[in-house]
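Participant: Structure of the sequence below:
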Amino acid sequence: MSEIDFSGLVIVAAVAFTAPLVLGLAPSVRLPAVVLEIVAGIAIGPSGLGWVEIDEPIQVLSLVGLAFLLFLAGLEIELDRLRGRKLTYTGAGFVVSFGIALVVTGFLKTIGQVDSALLVAIILVATSLGVIVPVLKDAGQASSDLGQLVIAAASIADFGAVILLSLFFSREATSTTTKLVLLGGFLLVGAAFVVALMGAERSRRLSALLLRLQDTTAQIRVRGAFLLLVGFVALAEGLGLEVILGAFLAGAILGLVDRDRLMTHPALRTKLDAVGYGVFIPVFFVASGIRFDLGALFESTSSLARVPLFLAALLVVRGLPALLYRPLVGSSQVAIAGLLQATSLPFIVAASMIGIELGLLDAATGAALIAAGLLSVLLFPLLALTLLRRTETEPGRFAASPQPTTS
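Facilitator: Numbers count the residues shown, from 1 in each chain. Below you'll find the predicted structure:
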């Protein structure tokens, strides 16, 4: 057995530790930690100082970090709120968004900017649920009509993008029909698991046992959540589907089953956040920066020009469909919704890596897509909050509504 070198992982862990500290020293700088983690990864990687390369420990923890990121994103989805008019409008918005994406990427392929129009279209339709939810919470809008609408739209966009990526661009070389059958079977297994877990929840003996062990060194609920995550990731991989689908579905299942209406274990979400955002997810983002091919991005003017091109494409693809929401939130809030749902990064990073591995994206295109995602996280929420502050001064705007409209 060859010796494993942890020196690179030490540097990655140091970057993950330092990034939020640096931001904490400058609270006026509204910069998401994920952006600084990726930029720092670029700085210490082969494109920068060359201190770290992706080795086995970093690769493994980075993969777990990606799975945890999608798991926690799935956990954010509140399926009981995806109904009524909200579901109709946000679902229609995603369909329109994907249609616009196909037109935009078809044009980009015609002018020689992308090779796989479908893959780039799928990359462009996602929204970073994990980025916009904290933004809405900090602004006090998570429970408002606008906040709930944007969260619903982001949930559908995340789930739809993951499904489309797994269906059309799995690493396994099988036909689309076969993948569709496997995907259907996978979702049926997920549904059966939901039924089984809900049935197990009714057992008083099991509930009492979980309650007794949840805050001991057993941390039984955290272990169960991790088992659910790893199990669905392994199942997805075994069926030839993308592991991110398994992770995302595992999070959605846990969110659906674990309602905790009696507040018997309110700390579970905090514990999972601590494991994910405290350990594994930062490694994924720093490793993404290490993998980032800065040289390919700057090798030509045309490569660099793709960054604003892809950023504009994100805004058009995800921003324009927000016009459909006007009957629900009014004209003044449409622009805010459009900017927030055009914010995307984690899915862009993950899908770009898959595209590069499959030979469907070159290094320059992948780097340009990730750079556009970084800029979207930097610019769009800031612009949305600026519009929000202006609009909040008008009477009757943005009143929080604990019970969002569903009819």
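Participant: mind listing the helices for the stretch 51-200 of the chain?
Facilitator: Counting by DSSP state H, counting those that start in this stretch, the stretch 51-200 of the chain has helices at residues 56-76, 84-110, 117-124, 129-138, 145-168, 176-201.
Participant: err, the stretch 301-407 of the chain, not the other one
Facilitator: Under the criterion DSSP H, counting those that start in this stretch, the stretch 301-407 of the chain contains helices at 301-314, 326-329, 331-341, 346-357, 363-392.
Participant: between these, which gets nearest to residue 51?
Facilitator: helix 363-392 (19.7 Å; C-beta to C-beta). Where C-beta positions appear, they are placed from N, C-alpha and C, glycine not excepted.
Participant: Next, the buried residues of the closest one.
Facilitator: Neighbour-count burial for helix 363-392, with 16 or more other C-beta atoms under 10 Å as criterion, is recorded at 363-378, 380-381, 383-385, 388, 391.
Participant: quick one: that helix to chain centroid distance?
Facilitator: The chain centroid and the centroid of helix 363-392 are separated by 14 Å under C-alpha atoms, centre = their mean, to the nearest Å.
Participant: pLDDT averaged over it - what is it?
Facilitator: Averaged over helix 363-392, pLDDT sits at 85.
Participant: That helix relative to helix 331-341, how many degrees between them?
Facilitator: With axes from the mean of the first three to the mean of the last three C-alpha atoms, to 10 degrees applied, the angle from helix 363-392 to helix 331-341 works out at 150 degrees.
Participant: Determine the set of other helices and strands touching helix 363-392.
Facilitator: Here helix 363-392 touches helix 33-44, helix 117-124, helix 129-138, helix 294-297, helix 301-314, helix 331-341, helix 346-357, going by 3 or more C-beta pairs under 8 Å, 6 or more residues apart in numbering; DSSP states H and E.
Participant: ok, and for the helix or strand bottoming out on mean pLDDT in the chain, which residues are buried?
Facilitator: Lowest by mean pLDDT, DSSP states H and E among the helices and strands of the chain is helix 129-138, with a mean of 74. The neighbour-count check on helix 129-138 (16+ other C-beta under 10 Å) flags 129-133, 135-136 as buried.
Participant: same check, this time on stretch 280-288
Facilitator: For stretch 280-288, by 16+ other C-beta under 10 Å, it's 280-288.
Participant: And the contacts of that stretch?
Facilitator: 9, 12-13, 15-16, 19, 33-34, 37-38, 40-41, 44, 54, 58-59, 61-66, 68-69, 72, 349, 353, 370 (C-beta atoms under 8 Å, 6 or more residues apart in numbering).
Participant: Now list the buried members of those.
Facilitator: 9, 12-13, 15-16, 19, 33-34, 37-38, 40-41, 44, 54, 58, 61-66, 68-69, 72, 349, 353, 370.
Participant: Okay, now the unreliable bits of the stretch 151-300 of the chain?
Facilitator: Applying pLDDT under 70 to the stretch 151-300 of the chain flags residues 170-176, 260-263.
Participant: now do 80
Facilitator: Along the stretch 151-300 of the chain, the parts satisfying pLDDT under 80 run over 167, 169-180, 182-183, 198-203, 239-242, 244, 258-266, 293, 296, 300.
Participant: I'd like to know how far the nearest residue to residue 20 once chain neighbours are set aside sits from residue 185.
Facilitator: Leaving aside its chain neighbours, residue 20 sits nearest to residue 33 (5.0 Å; criterion: C-beta to C-beta, 6 or more residues apart in numbering). The gap separating residue 33 from residue 185 is 38 Å, by C-beta to C-beta, to the nearest Å.
Participant: now residue 124
Facilitator: On the measure of C-beta to C-beta, residue 124 and residue 185 end up 28 Å apart.
Participant: What of residue 241?
Facilitator: 10 Å.
Participant: So between the two, which is more surrounded?
Facilitator: residue 241 (27 against 13; other C-beta atoms under 10 Å).
Participant: Helix, strand, or coil at that one?
Facilitator: Residue 241 carries the three-state label coil when classified by DSSP: H, G, I helix; E, B strand; the rest coil.
Participant: Ignoring the adjacent residues along the chain, who's closest to it?
Facilitator: Nearest one to residue 241, counting by C-beta to C-beta, 6+ apart, is residue 166 at 4.6 Å.
Participant: So the residue nearest to residue 20 sits against residue 22, correct?
Facilitator: No. Between residue 33 and residue 22 there is no contact under C-beta atoms under 8 Å: 9.1 Å.
Participant: And the residue nearest to residue 345 when sequence neighbours are not counted, how far from residue 306?
Facilitator: Nearest residue to residue 345, sequence neighbours excluded (C-beta to C-beta, 6+ apart): residue 373, at 4.0 Å. Residue 373 is 12 Å from residue 306, where distance means C-beta to C-beta.
Participant: now swap in residue 186 and tell me
Facilitator: With C-beta to C-beta as the criterion, residue 186 and residue 306 are 34 Å apart.
Participant: now swap in residue 233 and tell me
Facilitator: Distance, residue 233 to residue 306, by C-beta to C-beta: 32 Å.
Participant: These two: which has the busier surroundings?
Facilitator: A side-by-side neighbour count of residue 233 and residue 306, using other C-beta under 10 Å, places residue 233 first with 26 against 22.
Participant: what pLDDT, on average, does the strand or helix carrying residue 18 get?
Facilitator: Assigned by DSSP states H and E, residue 18 belongs to helix 7-25. Helix 7-25 shows a mean pLDDT of 90.
Participant: Counting by contacts, list what it packs against.
Facilitator: Counting by 3+ C-beta pairs under 8 Å, 6+ apart, helix 7-25 packs on helix 33-44, helix 56-76, helix 281-291.
Participant: where does the stretch 1-150 of the chain have low pLDDT?
Facilitator: 1-3, 26-33, 73-74, 76-86, 129-131, 133-145, 148.
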